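[1] next comes the sequence, and after it the predicted model I'd like to discuss.
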Amino acid sequence: MYEKVNPCHPDKIADRIAGAIVDLAYKKENSPKVAVEVLIGHGTCHIIVETSVCNDIGEIESIVHRIAGDVAVDYVEVPQDVFLAENQSQEIRCGDNGIFKGMPLTAEQKTLSQTARDIFGKYRCDGKYIADGERLIICQSNARTEDLKAEYPTAEINPIGDWLGGTDVDTGATNRKLGSDMADSVTGGGLHGKDLSKADVSVNIYAWIKAQRTRQPVEFCCAIGDKTIDGKPYGEIVEIAREFVRQQGGFEKFAEWGLF
């Protein structure tokens, strides 16, 4: 049983805005420290950023309007906590406590992920999709049920009828759709809106990559300040995650679909 949502789901819009702000930080510094929280809905986007860089409100508004349209922007920016910053001052060390799990993807999860992408290619607006064995549930906004039924005749489509979706009728928040992004690999940490020093990003990505390569579940725990994970220097874990994000096209693109 598994759910996937597309990049226009309100929660994914929040993730994408957060990711774009992290991309902006990396344009200004090679190893910035940044953590972003976004809440968006009903015409307003609230953003709180803890960061080592300085952003102009115009830069932030440009990101929000590009991704979410003409909404008001409420933006708060503060420096990162001085004690957390000190943890990373001499060398790259684990940026947080955490438990992390990587699980191999199932055939059902891969199939649903592709189905979501196929539908989004035709209807680029809010949608969510569930696979449960033989049961396929498709909820796609701004689409005629009969058109979807013609392509997916055995699916349950828009069970309560046609709908509009988006941030005008719903709210979105960062890291609220981690099940969609990580499948069975979900633990406590969120993937989006953070720099690579944060274990929530780097160790989650590393664990997922290793699980797909070995086809075996993997688990790691770490404490803030740890220098090694899985026998590797933490800096190496960060670089593996950096390359994965780079291959996705950056943090904003990574936020569109998550790990797969």
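    Looks like it arrived, so ask away.
[2] all the strands of the stretch 101-250 of the chain, in order from the start?
    Taking DSSP state E, counting those that start in this stretch as the test, the strands found in the stretch 101-250 of the chain are 127-132, 135-140, 156-157, 171-173, 218-222, 228-229, 232-233.
[3] any chance of these in TSV with distance to Ser185, mean pLDDT and mean neighbour count as columns?
    Where you see a C-beta, it was placed from the backbone N, CA and C, and this is true even at glycine. What follows is the strands of the stretch 101-250 of the chain, written out as TSV (distance: least, Cβ to Cβ, whole Å; pLDDT from 0 to 100; neighbours: other Cβ atoms under 10 Å):
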stretch	distance to Ser185	mean pLDDT	mean neighbour count
strand 127-132	17	98	20
strand 135-140	22	98	18
strand 156-157	27	98	16
strand 171-173	20	98	19
strand 218-222	9	96	18
strand 228-229	16	96	18
strand 232-233	19	96	14
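[4] looking at the ones you listed, which is closest to Phe251?
    strand 171-173 (16.7 Å; Cβ to Cβ).
[5] who are the packing partners of that closest one?
    If you count contacts as 3 or more Cβ pairs under 8 Å, 6 or more residues apart in numbering; DSSP states H and E, strand 171-173 packs onto helix 10-28, strand 34-41.
[6] which of the ones you listed sits most buried?
    Counting by mean count of other Cβ atoms under 10 Å, helix 10-28 has the highest mean neighbour count of the helices and strands packed on strand 171-173, with a mean of 25.
[7] and that one with strand 127-132, angle?
    Helix 10-28 and strand 127-132 are oriented at 110 degrees to each other (axes from the mean of the first three to the mean of the last three Cα atoms, to 10 degrees).
[8] kindly calculate the angle that helix 10-28 makes with strand 34-41.
    Using the same axes, to 10 degrees, helix 10-28 lies at 150 degrees relative to strand 34-41.
[9] mean confidence score for helix 10-28?
    Average pLDDT, helix 10-28: 98.
[10] and that helix, C-alpha only, in CSV?
    Only the C-alpha atoms of helix 10-28 are listed here, as CSV (Å, rounded to 0.1, in the frame of the first residue of the first chain):
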residue,chain,number,x,y,z
PRO,A,10,0.1,22.0,-1.9
ASP,A,11,2.6,20.2,0.4
LYS,A,12,4.9,19.7,-2.6
ILE,A,13,4.6,23.3,-3.5
ALA,A,14,5.8,24.1,0.0
ASP,A,15,8.7,21.6,-0.4
ARG,A,16,9.6,23.1,-3.8
ILE,A,17,9.7,26.7,-2.4
ALA,A,18,11.9,25.5,0.5
GLY,A,19,14.2,23.7,-2.0
ALA,A,20,14.5,26.7,-4.2
ILE,A,21,15.6,28.8,-1.2
VAL,A,22,18.2,26.1,-0.4
ASP,A,23,19.4,26.3,-4.0
LEU,A,24,19.7,30.1,-3.6
ALA,A,25,21.9,29.6,-0.5
TYR,A,26,24.2,27.3,-2.4
LYS,A,27,24.6,29.9,-5.1
LYS,A,28,25.9,32.2,-2.5
